[in-house]
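*Asks:* what's the 3D shape of this:
(2 chains)
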Amino acid sequence: MSIPTFRQVTKENLSVNNPVLVQVLGICSTLAVTNKVVNTLIMTVGVSLVTAFASFTLSWIRNLIARRVRMIFQVLAITFYVVLFQLILNAFAPEVARSLGPYVGLIITNCIVMGRTETFAPANRPLISWWDGFTSGIGYMAVLVLLSLIREPLAFGTIADFPIFPPQYVSDGYNWTIAIMAPSAFFLVAIIMWVFKTNGLKKEEALKASKSASAIGGAA
Amino acid sequence: MRINKDSHVFTIFFTFAVTLVLVFPLTLAFVTTKPIADNYWRLQHWVKTLRSLGVSADPSHPHQAELAYQALKKYTVKGTVNYDAVKANPRSLAITRVNDEVINKALQDTSYTGNLPIFFYSTVVDGQKRWGGDFTGPGLWGNVSLAVGVNADGSQITGVQVLFDVETPGLGGRIGEPWFTGQFTGLETAQGVVFNPSGQKLPNGMDAIAGATITSTAVRDILNNRALILLKAFIAQKGGQS
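*Replies:* Numbers count the residues shown, from 1 in each chain, chains lettered A, B, ... in the order given. This next block holds a predicted model:
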């Protein structure tokens, strides 16, 4: 296996092998937190940082971890960074911490974090693993922010709490309740995935990506 | 020396070592951020308790909020509460005075869980007696803690504020928003709070949040099955005194 370059990793994670659109990982949080732009941003920043630093840590000690106990170390490292992120949020952004509720803690079980620390970090050097984790998070962020930019105006008539529709939109009940709820993200993700796979990817890249995605076994 | 990373001894030793190394910074982070989180939670508690009683309070003036909060008369409940017994006989509730240190200690213990003990408050606003308290019950994901205030004879709600919740962001999490909490002010308590039928406003009716049935029901149930029962008992016992 050739050593991946930073440029390759970036391209893989942002488009060809996008964690949400191609690998179909991290779908639970994609459905759950994308009804407000601000929540989505904080959540995805959290996922990016946690993935980056957990990958870095696990890559750093990769030669000391016995293969059959690797999951214990993955969970240890991931939990460490998630709890740290949660403590910092609770202290310095209590309003955001409260509005994200249980989802910050659930970063621990985010499949993107697990996926990168399982597949990339044990086989690569720490710095490139950090970059891989971080760009995976950015790839995830790009899709989620796009979703929230569609959902929040439909649901609340606002973008990042700035009103873009007249107040009657919500008070007279013209807003889309479905856009507040998780199923709307299902439809939107499917549409974005469809457009992305048809137009965004060249044919051979799409083929390659779907192969590697099925090898990883995409699931939420 | 080459390490045999697959040996049992090394694996066990290394797991312990890594856990220790990770636990120390976490403990440090917890100890340094806890007071900041506590301060925020305490200020929220002061401001929201005051607002539920109909006293204006501003989180950007913490000192004034603290003074106003200290001026309240505070009580708590001895032992566990049997709601059925209290409903049948309001006098059976064992209410006792409590000082600020006890409340501060309770707030420190609950800043991450919201599992507040029951505290009662009484004060006088514009010459009218006001009664209030903190009541916690189960929501969808965790505790929902409400500050509830009623007027002198307990017939009307003077305010409801959400002290703590970890409900779904954008759905149940919206119970903290002013349009939701504001609708309780002035509601009649005699028949308990009910959900408004579509397109109507009842004198004891609240609007549920679309898509957040469990959280809306949780708020209604905390009000009916805890707050209003206990506040009635509180007024029955302390209402005679000045």
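*Asks:* Would you confirm that residue A:147 contacts residue A:192?
*Replies:* Yes - the criterion here is CB atoms under 8 Å, and residue A:147 meets it with residue A:192 at 7.4 Å. C-beta coordinates here come from the backbone N, C-alpha and C atoms, glycine included.
*Asks:* Identify the residue nearest the geometric centre of the chain.
*Replies:* Here I'm looking at chain A. Centroid-nearest residue in chain A, with CA atoms, centre = their mean: residue A:140, separated by 3.5 Å.
*Asks:* not what I meant, chain B
*Replies:* Nearest to chain B centroid, counting by CA atoms, centre = their mean: residue B:145, 2.8 Å.
*Asks:* Which strand residues bridge it?
*Replies:* Counting by DSSP bridges, residue B:145 is bridged to residue B:136, residue B:164.
*Asks:* surely it meets residue B:163?
*Replies:* Yes - counting by CB under 8 Å, residue B:163 is a contact partner of residue B:145 at 4.2 Å.
*Asks:* can you pull the contacts of the residue nearest to the centre of chain B?
*Replies:* Residue B:145 is in contact with B:114, B:115, B:116, B:134, B:135, B:136, B:162, B:163, B:164, B:165, counting by CB atoms under 8 Å, 6 or more residues apart in numbering or on different chains.
*Asks:* circling back to that earlier point, I'd guessed the residue nearest to the centre of chain A sits against residue A:21; true?
*Replies:* No - in this structure residue A:140 lies outside contact range of residue A:21 using CB under 8 Å: 9.7 Å.
*Asks:* Could you see whether chain B lies near the lengthiest helix in chain A?
*Replies:* Longest helix in chain A, counting residues (DSSP state H): helix A:126-156. Yes - using CB under 8 Å from any CB of the partner chain, helix A:126-156 reaches chain B at residue A:155.
*Asks:* residues of stretch A:160-168 that come out buried?
*Replies:* Buried positions in stretch A:160-168, judged by neighbour count with 16 or more other CB atoms under 10 Å in any protein chain shown: none.
*Asks:* Can you tell me what sits against that stretch?
*Replies:* Applying CB under 8 Å, 6+ apart, the set of residues contacting stretch A:160-168 is A:36, A:37, A:38, A:152, A:153, A:157, A:158, A:174.
*Asks:* Turn those into JSON lines, columns for pLDDT.
*Replies:* Shown next, in JSON lines, are the contacts of stretch A:160-168 (pLDDT from 0 to 100):
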{"residue": "A:36", "pLDDT": "85"}
{"residue": "A:37", "pLDDT": "90"}
{"residue": "A:38", "pLDDT": "88"}
{"residue": "A:152", "pLDDT": "90"}
{"residue": "A:153", "pLDDT": "91"}
{"residue": "A:157", "pLDDT": "86"}
{"residue": "A:158", "pLDDT": "88"}
{"residue": "A:174", "pLDDT": "81"}
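*Asks:* Of those, which is the nearest to chain B?
*Replies:* Distance to chain B, by CB to the nearest CB, is smallest for residue A:36 among the contacts of stretch A:160-168, at 5.4 Å.
*Asks:* list the contacts for that closest one?
*Replies:* Residue A:36 neighbours (CB under 8 Å, 6+ apart): A:99, A:148, A:152, A:156, A:160, A:161, B:169, B:170.
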